[in-house]
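Peer 1: The sequence and its predicted three-dimensional model are supplied below.
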Amino acid sequence: MTDSTDATQDANRETLRLDGFLPYRLSVLSNAVSRKIADMYERDFDISIWQWRIIAVLGEHEGLTSTQVAVQTLMDKPAVSRAAASLTERGLISRTSDNADRRKAELRLTKKGKEIYAAIKPRALAYERELLASLSPEEARMLHGLLTRLAHIASPERDLWSAGPEE
């Protein structure tokens with residue numbers, strides 16, 4: 001028997017327990033963390049999680065195309081297009097076509113979009129502080145570092161984010 005056959009048989013004998021399976025735990029945690037803050041901006045600003053992600057990215061990087069937003073947020077292009085269209089209808093973002101390539105368009109926050117971003121940002125940062133309050137500063141730095149390493153393994157072709165605050 002080869003080593004790969006032995007490894008396959010060992011893997012087949014292993015038990016998959018979701019409460020200990022890292023991808024599952026990360027997904028559930030992500031959903032729980034996102035849901036709590038999403039409730040606030042849905043209730044107070046009538047903004048969906050997808051719309052907030054676009055607003056947040058444009059709040060940091062003005063003038064991105066929908067493709068660039070999709071890359072930054074890991075959202076699929078149709079979800080970006082739908083959310084961007086609804087944000088444009090509400091007057092929260094503007095869409096300016098590229099004269100050289102009419103298929104390309106830059107997305108920017110409007111004055112109203114910037115106001116919503118400015119109103120949500122301190123709440124989002126306060127929520128992050130609340131989440132991290134149970135960790136020491138060293139544990140928080142370690143968490144950011146570990147998440148960055150896992151992101152590089154999960155998506156080596158993309159630089160999803162830096163290691164976080166005060167690297």
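Peer 2: Looks like it arrived, so ask away.
Peer 1: Pop the domain breakdown of the protein in here.
Peer 2: Following automatic domain parsing, the chain resolves into domains at 19-131, 135-167.
Peer 1: Next, format the ones you listed as a markdown table and append mean neighbour count.
Peer 2: The C-beta positions use only the backbone N, C-alpha and C, and glycine is treated the same way. Below are these laid out as a markdown table (neighbours: other C-beta atoms under 10 Å):
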| stretch | mean neighbour count |
| --- | --- |
| domain 19-131 | 15 |
| domain 135-167 | 12 |
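Peer 1: Let me know which of these is the nearest to Asn12.
Peer 2: domain 19-131 (16.0 Å; C-beta to C-beta).
Peer 1: wait, isn't Asp76 in contact with Ala70?
Peer 2: Yes - assessed by C-beta atoms under 8 Å, Asp76 is found in contact with Ala70 at 6.7 Å.
Peer 1: any idea which helix or strand comes after the lowest-mean-pLDDT helix or strand in the chain?
Peer 2: Between all helices and strands in the chain, the lowest mean by mean pLDDT, DSSP states H and E belongs to helix 3-13, at a mean of 66. As assigned by DSSP states H and E, the chain's next helix or strand after helix 3-13 is helix 22-45.
Peer 1: for that following helix, what is the average pLDDT?
Peer 2: Averaged across helix 22-45, pLDDT comes to 92.
Peer 1: any idea of the mean pLDDT for stretch 49-62?
Peer 2: Stretch 49-62 comes out at a mean pLDDT of 94.
Peer 1: now it, how far from the chain's geometric center?
Peer 2: Its chain's average C-alpha position is 10 Å from that of stretch 49-62, according to C-alpha atoms, centre = their mean, to the nearest Å.
Peer 1: cool, stretch 16-36 as well?
Peer 2: Here the centre of stretch 16-36 is set off from its chain's centre by 15 Å, with C-alpha atoms, centre = their mean.
Peer 1: contact partners of that stretch?
Peer 2: For stretch 16-36, the surrounding residues in contact (C-beta atoms under 8 Å, 6 or more residues apart in numbering) are Ile49, Tyr127, Leu131, Leu150.
Peer 1: So the residue sitting nearest the centre point of the chain versus Ser97, what's the distance?
Peer 2: In the chain, the residue lying closest to the centroid (C-alpha atoms, centre = their mean) is Thr73, at 4.9 Å. Thr73 sits 22 Å away from Ser97, taking C-beta to C-beta, to the nearest Å as the criterion.
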